[in-house]
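S.K.: prediction below, plus the sequence it came from.
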Amino acid sequence: MASKDQKEFMNDLKPVYRADTLDLAGLRMDELQDKWGEKYSVVIDSWRRNWERLTNYFRYDKSIRKLIYTTNTIEGFHC
């Protein structure tokens, strides 16, 4: 991924893994693909191929999921 797009792409990815439900995450993934799919098809294809594994954490409560996807566990706990 080109470094000039990385920040914007990551901001657009957040609604996927921060979605309230798995169904909403799927919709957000579709939006991500609509915007970036042509330019970064390898990244999008990887997410699609691994969707079932990447979204397993939707089985947990939203507060637990935040601890999982937050890189700083203490920050995630206090937010």
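M.R.: Structure received.
S.K.: need the distance between the two termini of stretch 49-66.
M.R.: 23 Å (C-alpha to C-alpha, to the nearest Å).
S.K.: contacts made by that stretch with the rest, please.
M.R.: Here stretch 49-66 makes contact (C-beta atoms under 8 Å, 6 or more residues apart in numbering) with 17-18, 20-22, 25, 29, 47, 68-69, 76, 79. All C-beta atoms are positioned from the backbone trio N, CA, C, and that covers glycine.
S.K.: export the helix or strand hosting Glu31 to CSV, keeping only CA atoms.
M.R.: In this assignment (DSSP states H and E), Glu31 forms part of helix 22-36. The C-alpha coordinates for helix 22-36 follow below in CSV (Å, rounded to 0.1, in the frame of the first residue of the first chain):
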residue,chain,number,x,y,z
LEU,A,22,-21.3,-8.6,11.9
ASP,A,23,-23.9,-7.6,9.3
LEU,A,24,-23.0,-4.0,9.6
ALA,A,25,-19.3,-4.9,9.3
GLY,A,26,-20.1,-6.6,6.1
LEU,A,27,-21.8,-3.5,4.8
ARG,A,28,-18.8,-1.4,5.8
MET,A,29,-16.5,-3.9,4.1
ASP,A,30,-18.5,-3.4,0.9
GLU,A,31,-18.1,0.4,1.2
LEU,A,32,-14.3,-0.1,1.7
GLN,A,33,-14.1,-2.3,-1.3
ASP,A,34,-16.1,0.2,-3.4
LYS,A,35,-13.7,2.9,-2.5
TRP,A,36,-10.3,1.1,-2.5
